[in-house]
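Visitor: Return atomic coordinates for the entry below.
(one chain, ligands or ions: 1)
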Amino acid sequence: MSDVFTKCVEWKDADLAKEMDLYPFYQAIEASYGATEVSVQGRRMIMIGSNNYLGLSADPRVKEAAFNAIQRYGTTASGSRLLNGTLALHEELEAKLARFLRREAAMVVSTGFQTNLAAISALPDRGDIVFADRFNHASLVDGLRLSQGIEQRYWHNDMAHLEELLAGSDPAVGKLIVADGVFSMDGDVCDLPGILALARKYGARVVIDDAHAMGVLGAKGRGTAEYFGLEDELDLVTGTFSKSFASLGGVIAGPARVINYIRHKARSVIFSAALPPPCAAAALKALEILEEEPERVTRLMDIAEKMHNGLRAMGYDTGGSVTPIIPVMIGDRMRCFALWKALFQEGIFTNPVTPPAVSAGRELLRTSYMATHTDAQLDRVLEAFERLGRRLGLIPRTRPSSYV
Ligand code: PMP
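Guide: Got it, this is the predicted structure:
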């Protein structure tokens with residue numbers, strides 16, 4: 001007789017990494033010092049592994065808003081939005097997000113992951129086709145699995161391949177194109193102009209997951225469509241509050257009738273408890289601060305440029321990133337862990353990314369920055385990358401002449 005637990009007892013990958021003192025995951029943060037520095041294993045570290053792009057989780061105004069929401073509503077909404085869980089605070093946040101994102105309507109969901117599950121699972125009917133970028137986030141992939149649609153994956157940002165698939169599909173069936181706005185591991189931006197042109201040509205609708213683009217791309221931080229000047233043409237946008245918005249939760253924004261449909265059909269919305277009051281209040285305050293202080297977005301992009309230039313000048317490959325997500329391409333699991341560990345020991349917190357988050361051979365160290373990082377912190381990070389990269393043989397001993 002087979003026992004579903006047997007594989008768990010036999011699975012030793014994590015134990016082996018721990019024995020070699022190279023286990024990087026589930027590191028417990030003991031305290032946060034303004035978000036850019038944290039304490040781990042009793043040591044203070046510079047955090048360049050967070051999605052807190054605007055640094056707002058440490059902002060006193062955001063903390064106060066969360067605290068006040070607990071005082072007013074309690075710690076939780078204690079149920080689904082559909083039934084007892086909708087708060088006036090949710091509606092205020094939805095109205096503000098719809099205005100900010102320049103959409104007719106917006107709905108708030110309890111996590112970013114559930115947001116994508118909701119949008120992608122609810123829309124395609126049986127026989128409809130969903131065209132998905134191969135580098136899409138797991139939540140979009142899983143949303144599609146839960147939907148009735150047929151999946152067609154196109155090569156990453158490859159518009160020729162997307163067109164080939166669209167051209168080969170039945171003109172009569174419904175079509176949805178789904179892509180990350182900013183790809184979560186590589187920090188590159190989807191070819192939105194290309195996607196929208198093909199969508200128009202072949203009668204497809206488009207959903208863009210702007211989890212890593214809201215608060216980051218566009219002069220006002222409104223995301224990928226603002227960055228390309230295409231806000232009027234995008235059908236649906238999803239986002240999360242766990243990154244720039246210093247909270248937890250997510251949003252779907254688009255035409256009112258579509259939002260209304262998803263609100264009543266999506267199982268990850270109907271059958272899950274609503275976004276807790278402090279999370280809704282923190283996201284709302286973070287959004288207000290973003291609108292009042294767009295210079296935070298400018299500072300973030302300046303930091304991204306400084307770190308790109310710095311790392312490239314040393315000879316690191318940072319892929320196609322143009323955002324504050326800057327991958328350091330390593331291409332090997334153990335070398336990736338070795339650089340992670342060397343930086344960790346220097347007091348620098350990064351994220352090693354290995355399969356299944358990327359395909360084998362694309363292992364990378366993901367670094368990501370906040371608008372509130374100081375130049376002194378960033379210079380320390382660059383100095384450590386140069387010294388350790390040379391020691392580990394990941395970059396040349398002298399700077400490549402073309403970069404000097
Ligand atoms: N979409 C993308 C592109 C993401 O990177 C993530 C999480 N990293 C999510 C959605 C899910 O968001 P959350 O973690 O807030 O649930």
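Visitor: What separation do you get for Asp379 and the ligand?
Guide: 28 Å (CB to the nearest ligand atom, to the nearest Å). Bear in mind the C-beta positions are built from the backbone N, C-alpha and C, glycine included.
Visitor: Check which helices and strands whichever strand or helix holds that residue sits against.
Guide: Secondary-structure assignment from DSSP states H and E places Asp379 in helix 375-391. Packing partners of helix 375-391 (3 or more CB pairs under 8 Å, 6 or more residues apart in numbering; DSSP states H and E): strand 43-47, helix 295-314, helix 333-345, strand 348-349.
Visitor: Out of the ones you listed, indicate the one that is most buried.
Guide: strand 348-349 (a mean of 20; mean count of other CB atoms under 10 Å).
Visitor: What parts of the stretch 201-350 of the chain come near the ligand?
Guide: On the criterion CB under 6 Å from any ligand atom, the ligand has as its neighbours in the stretch 201-350 of the chain the residues 209, 211-212, 240, 242, 250.
Visitor: among those, who's most crowded?
Guide: The most crowded member of those, judged by other CB atoms under 10 Å, is Asp209 (34 neighbours).
Visitor: Just the buried positions in the one helix or strand in the chain whose mean pLDDT sits lowest, please.
Guide: The weakest-scoring helix or strand in the chain, judged by mean pLDDT, DSSP states H and E, is helix 13-19 (a mean of 86). Residues of helix 13-19 classed as buried by neighbour count (16 or more other CB atoms under 10 Å): Ala17.
Visitor: where does this structure dip in pLDDT?
Guide: 401-404 (pLDDT under 70).
Visitor: Just the closest residue of it to the ligand, please.
Guide: Gly112 (2.3 Å; CB to the nearest ligand atom).
Visitor: what bridges to the closest residue to that residue other than its chain neighbours?
Guide: Once flanking residues are discounted, Gly112 sits nearest to Thr240: 2.7 Å by CB to CB, 6 or more residues apart in numbering. Here Thr240 sits in beta bridges with Gly250, as judged by DSSP bridges.
Visitor: Neighbours of Glu64, how many?
Guide: 13.
Visitor: Pretty sure it sits in a helix.
Guide: Yes: counting by DSSP: H, G, I helix; E, B strand; the rest coil, Glu64 is found in a helix.
Visitor: Ser272 contacts Gln114, correct?
Guide: Yes: counting by CB atoms under 8 Å, Ser272 does reach Gln114; the two are 6.2 Å apart.
Visitor: next structured bit after the least confident helix or strand of the chain?
Guide: Past helix 13-19, the next helix or strand by DSSP H and E is strand 29-33.
Visitor: and that next one, how far out from the chain's middle?
Guide: 22 Å (CA atoms, centre = their mean, to the nearest Å).
Visitor: Ala213 versus the residue nearest to Gly112, what's the distance?
Guide: Thr240 sits 10 Å away from Ala213, going by CB to CB, to the nearest Å.
Visitor: before we move on, what about Met185?
Guide: From Met185 to Ala213 the distance is 14 Å (CB to CB).
Visitor: just Arg333 next, same as before
Guide: Arg333 is 29 Å from Ala213, by CB to CB.
Visitor: Can you report how many residues lie near the nearest residue to Asp188 once chain neighbours are set aside?
Guide: Nearest in space to Asp188, with sequence neighbours left out and distances taken as CB to CB, 6+ apart, is Gly320 at 3.9 Å. Gly320: 12 surrounding residues under other CB under 10 Å.
Visitor: and what of Asp21?
Guide: Neighbours of Asp21 (other CB under 10 Å): 8.
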